[in-house]
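Chemist: Quick one, what's the 3D model for this:
(2 chains)
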Amino acid sequence: MLSYAVGGESTVGKTKLTPEEMSTKLDEALTHYEGQGQKALMSALQEAQEIYGYLPLPVQKRVAKTLNISVAEVYGVVSFYSFFSLKPKGEYIFNVCLGTACYVKGAQKILERIEDNLGIKAGDVTADRKFSISACRCVGACGLAPVILVNDDVYGRLTPEEIPGIIAKYKEA
Amino acid sequence: MELFRAHVLVCCGTGCTSSNSQQIIDQFDQLLPANNIDKEVKVVKTGCFGLCAEGPIVVVYPEGVMYYRVDPKDVAEIVSEHLVKGRHVERLMIPHPESTKTDMHSSTESDFFKKQLRIALRNCGAINPEEIDEYIAHDGYLALGKILSEKRDPLDIIDEIKRSGLRGRGGGGFPTGMKWEFAAKVENDVKYVCCNADEGDPGAFMDRSILEGDPHSVIEAMTIAGYCIGASQGYVYVRAEYPIAVQRLKHAMKQAKEYGLIGKNIFGSDFSFDLDIRLGAGAFVCGEETALMRSIEGKRGNPTPRPPFPAVRGLFNKPTILNNVETYANIPVILTKGAEWFASMGTERSKGTKVFALGGKVQNVGLVEIPMGTTVREVVFDIGGGIPGGKEFKSVQTGGPSGGCIPASLLDTPIDYDNLVAAGSMMGSGGMIVMDEDTCMVDIARFFLEFTVDESCGKCTPCRIGTKRMYEILTKIVEGQATLDDLYALEKVALSMKNGSLCALGQTAANPVLSTLKHFREEYIEHVVDKKCRCHVCKGLTEYYIIPEMCKKCGLCAKKCPVNCISGVLGKEPYVIDASQCIKCGACMEACKFKAIIKQ
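Modeler: From the prediction side, this is the model:
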């Protein structure tokens, strides 16, 4: 288990907040950024995404208003960086590392097996919002290649046959 | 001061943490007091030892015995046998239980470490990165202290860095001292020092390991850089995907501030310097210096044309220097041991050492630091232990998506900036991925182009359209639909991009294609003319086939087939794959217990 206790405290897979609670949390977070302009945009968006799990348009508008910049600027940044998501993520996010070390050790097959098993493609979320898949670039655990992360749990030295078992674990959870 | 008769070092880098090293520490914390030796033995959590594939790693000093793949359950045995009775736990001392190399006995004296020279990684795996005192005890902050208390002339320090021959470790290899000199000579009240820790090259993780294992060396070096160029603010731009590194860096900055080693009036001098962290958001192009600065400013990471160079007009339009984590990690030790010491190592035009993240099809996956001039063969076969499973070496890829593939014929190339460029690759940030006979070079070129298509910022036309066209041609090749004209077009686009792109991303994006075309042209020709992939990687050119004589008619493959394209009669007739329906997922081949299914 990799404990992500730092920087990005994710709400995904933990206690779910109601829309009202999320809204209040966002207000609290944004008070630090009032009128700070473009230079605070990345940090503000990172905090907002921690609360919502993604960045829907209303959230982007609120960030724009707080920083006193245009929504177009905000959307430009959100759509540029792969860390920011315009789509909601599932409760369990399967992050498949497609770095070079994992790729030469068969990460593509691992990804395909997860896609087949969940019936969705990388970048999508299941209809019940329980699972989503994303392909990511190198988590830096090349010694364990091929690697996937399911939220904060790391699975290394994988073979495609292990995938159904891992998915079943989270289906029951 | 408390004295301990033994120290137990537990690696807490990302690799080992992923395989439960925190639980190992918890076990020691429980079992040492239970055996009444908690006053005699100290457990230290350290950064990366480098041998990530064999993690979690535990080292016991004073003997320097290294235990591999330690399970939390093994801790009891290490405590009762080694720490209480003084007997080594032999079964945990041999890496690769499957290999016969039992002579590779387990200690820091093993083959893996012997040919290495750890300078940038000097403290990784040796000290607790969360204790500033341990860094100070290893001559940490000595260089900074001397400079400030002696009020050394900044230009004199820059001259020493220049004489050391240190070149940027992030890829380009620009002389660090010269970069600092440009910024120092520009007149401006406000200047910035930045650190590039946005390690975007897939397969490279040395910057992460340095930040996790020795964050203070980066803080010290950036403060020295600030003094040299006249800056009072620094930014570390680090990947959000590296939570442990971010946490250790934050912690180290807090400690340095408490000790007065950053902040106002450092060492009682009139020099003040502050540091902040900015999190990256997953854009490879932000490794390019102008793009990185735009990103710190909160904008899209689009590169801007140079000149003006950042040393003249960089972050927030102020003179700025940007160096890579590994470059900074070398600075304090160069200043304490002297430029001549550093320049005595390496080759004529590349001094010192370089850290590589050795990965892919090699026994000892991990982080290695070697003197410049070590050959590729020594790294792959002596340090790396060669290719697992008795497979044939094919190529080693350096420089990530900007680099190229070095073939077996160039294995004896001494590694330095210029030799790697001459071999059609580049140093890059230090990813080194070994490929064996099963890796298709065309597929690898396509893999990298897929990456650069995704990561191209879209600002300049050669890169935005060129990467896409190259990717399309490579896709045609791996699907078996290309002609020789396509190969010609591929080369032409590649060269146009190299000459016409705005930033290094586009200028080097063609390297994976150009280098594989140069060294592995016959594989491209096979794909195009013979419609064959010798490695059976490219799906469009591969068919699964059941050998009738070997088929035991068990039907397991048909059961596993997701598209029901395998037919036969249970126990009576051998099974057959309908190639026209097969999606080539490989599930049948995995399922067959009799190895009756092959790819051809």
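Chemist: Ramachandran coordinates for the nearest residue in space to B:K391 that is not next to it in sequence?
Modeler: Leaving aside its sequence neighbours, B:K391 sits nearest to B:D436 (Cβ to Cβ, 6 or more residues apart in numbering or on different chains; 4.1 Å). All C-beta spots, glycine's among them, are computed from the backbone N, C-alpha and C. Backbone torsions for B:D436, taken as degrees, to the nearest 10, come to phi -110, psi -170.
Chemist: Tell me the secondary structure of the nearest residue to B:C195 once chain neighbours are set aside, please.
Modeler: Computed as Cβ to Cβ, 6+ apart, the closest residue to B:C195 that is not its neighbour in sequence is B:V236, at 4.4 Å. When classified by DSSP: H, G, I helix; E, B strand; the rest coil, B:V236 comes out as strand.
Chemist: Does B:V236 touch B:V193 like I think?
Modeler: No. If you go by Cβ atoms under 8 Å, B:V236 and B:V193 don't touch, sitting 9.6 Å apart.
Chemist: so what sits against both of the two?
Modeler: B:M222 (Cβ atoms under 8 Å, 6 or more residues apart in numbering or on different chains).
Chemist: I figured B:A291 hits B:N302, correct?
Modeler: Yes. B:A291 lies in contact with B:N302 (Cβ under 8 Å); the separation is 6.3 Å.
Chemist: in chain A, which helix or strand is least confident?
Modeler: strand A:153-155 (a mean of 86; mean pLDDT, DSSP states H and E).
Chemist: For that one, which outside residues touch it?
Modeler: For strand A:153-155, using Cβ under 8 Å, 6+ apart, the contacting residues are A:M1, A:L2, A:A141, A:L144, A:V147, A:I148, A:L149, A:E162, A:I166, B:S18, B:S19.
Chemist: And the residue of chain B closest to chain A?
Modeler: Residue of chain B nearest chain A, by Cβ to the nearest Cβ: B:C52 (2.6 Å).
Chemist: Who are the contact partners of that residue?
Modeler: A:A141, A:C142, A:G143, A:L144, B:G13, B:G15, B:C16, B:V365, B:G366, B:L367.
Chemist: ok, 10 Å please
Modeler: Applying Cβ atoms under 10 Å, 6 or more residues apart in numbering or on different chains, we find B:C52 in contact with A:140-145, A:156, B:11, B:13-16, B:18-19, B:205, B:209, B:357-359, B:364-367.
Chemist: Tell me, how many residues neighbour the closest residue to it other than its chain neighbours?
Modeler: Spatial nearest neighbour of B:C52, excluding adjacent residues (Cβ to Cβ, 6+ apart): A:G143 at 2.6 Å. Counted by other Cβ atoms under 10 Å in any protein chain shown, the residues lying close to A:G143 total 30.
Chemist: Based on its surroundings, how many neighbours for B:P303?
Modeler: Around B:P303 there are 24 residues (other Cβ under 10 Å).
Chemist: Equivalent analysis for A:F84, please.
Modeler: Using other Cβ under 10 Å, A:F84 is surrounded by 20 other residues.
Chemist: Figure out the helix or strand that the closest residue to it other than its chain neighbours lives in.
Modeler: Excluding its sequence neighbours, the residue lying closest to A:F84 (Cβ to Cβ, 6+ apart) is A:V78, at 4.5 Å. Element membership for A:V78 (DSSP states H and E) is helix A:71-80.
Chemist: Get me the contact residues on the stretch 1-150 of chain B for chain A.
Modeler: B:13-20, B:22-23, B:48, B:50-55 (Cβ under 10 Å from any Cβ of the partner chain).
Chemist: related to what we said a few turns ago, pretty sure the residue nearest to B:K391 sits against B:I444.
Modeler: No. Using Cβ atoms under 10 Å, B:D436 is not in contact with B:I444, being 11.9 Å away.
Chemist: show me what contacts residue 61?
Modeler: All of this is about chain A. So A:K61 contacts A:V71, A:V74, A:Y75 (Cβ under 10 Å, 6+ apart).
Chemist: not what I meant, chain B
Modeler: By Cβ under 10 Å, 6+ apart, B:Y61 lies in contact with B:F4, B:R5, B:A6, B:H7, B:V8, B:L9, B:K42, B:V44, B:T108, B:A126.
Chemist: Please apply the same query to B:T353.
Modeler: Shown in contact with B:T353 (Cβ under 10 Å, 6+ apart): B:116-122, B:169, B:326, B:330, B:342, B:345-346, B:368-374.
Chemist: now, which of these lie within helices?
Modeler: Secondary structure assignment by DSSP state H places B:E326, B:N330, B:F342 of the contacts of B:T353 in helices.
Chemist: and residue 86, how many neighbours?
Modeler: Picking chain A for this. When neighbours are counted by other Cβ under 10 Å, A:L86 comes out with 12.
Chemist: ah, no, chain B please
Modeler: 9.
Chemist: And the one 4 residues further on, by the same measure?
Modeler: By the criterion of other Cβ under 10 Å, B:E90 has 10 neighbours.
Chemist: What of B:P33?
Modeler: 11.
Chemist: Only the buried residues of the helix or strand it falls within, if you could.
Modeler: When elements are assigned from DSSP H and E, B:P33 belongs to helix B:21-34. For helix B:21-34, the buried set under the neighbour-count rule, 16 or more other Cβ atoms under 10 Å in any protein chain shown, comprises B:S21, B:Q22, B:Q23, B:I24, B:I25, B:Q27, B:F28, B:L31, B:L32.
Chemist: Same check on stretch B:172-182?
Modeler: Quick answer for stretch B:172-182 (16+ other Cβ under 10 Å): B:G172, B:G173, B:P175, B:T176, B:G177, B:K179, B:W180, B:E181, B:F182.
Chemist: Equivalent analysis for stretch B:36-53, please.
Modeler: Applying 16+ other Cβ under 10 Å to stretch B:36-53 flags B:37-38, B:41-53 as buried.
Chemist: and if you look at stretch B:552-562?
Modeler: So for stretch B:552-562, counting by 16+ other Cβ under 10 Å, buried means B:C554, B:G555, B:L556, B:C557, B:A558, B:K560, B:C561.
Chemist: same thing with stretch A:39-54?
Modeler: Under 16+ other Cβ under 10 Å, the buried positions of stretch A:39-54 are A:40-54.
Chemist: Stretch B:588-596 too?
Modeler: Applying 16+ other Cβ under 10 Å to stretch B:588-596 flags B:C588, B:M589, B:A591, B:C592, B:A596 as buried.
Chemist: Same question for stretch B:484-501.
Modeler: B:D486, B:L487, B:L490, B:E491, B:V493, B:A494, B:M497, B:K498, B:S501.
Chemist: Report the mean per-residue pLDDT for it.
Modeler: On average, the pLDDT along stretch B:484-501 is 96.
Chemist: for the residue in chain A positioned nearest to chain B, what are its contacts?
Modeler: Using Cβ to the nearest Cβ, the single residue of chain A nearest to chain B is A:G143, 2.6 Å away. Contacts of A:G143 were listed using Cβ under 10 Å, 6+ apart, and they are A:101, A:156-157, B:13-16, B:18-19, B:48, B:50-55, B:205, B:357-359, B:364-367.
Chemist: From A:C136, how far off is it?
Modeler: Using Cβ to Cβ, to the nearest Å, one obtains 17 Å as the distance from A:G143 to A:C136.
Chemist: now do B:E437
Modeler: 28 Å.
Chemist: did I read that right, B:Q397 in a strand?
Modeler: Yes. Using three-state DSSP, the assignment for B:Q397 is a strand.
Chemist: was I right about it contacting B:T516?
Modeler: Yes. Counting by Cβ under 10 Å, B:T516 is a contact partner of B:Q397 at 9.4 Å.
Chemist: any shared contact partners between the two?
Modeler: Listed as contacting both B:Q397 and B:T516 by Cβ under 10 Å, 6+ apart are B:G404, B:C405, B:M441, B:I444, B:F448.
Chemist: The last one reaches A:G99, doesn't it?
Modeler: Put plainly, it is B:F448. No. Under the criterion of Cβ under 10 Å, B:F448 makes no contact with A:G99, lying 11.4 Å away.
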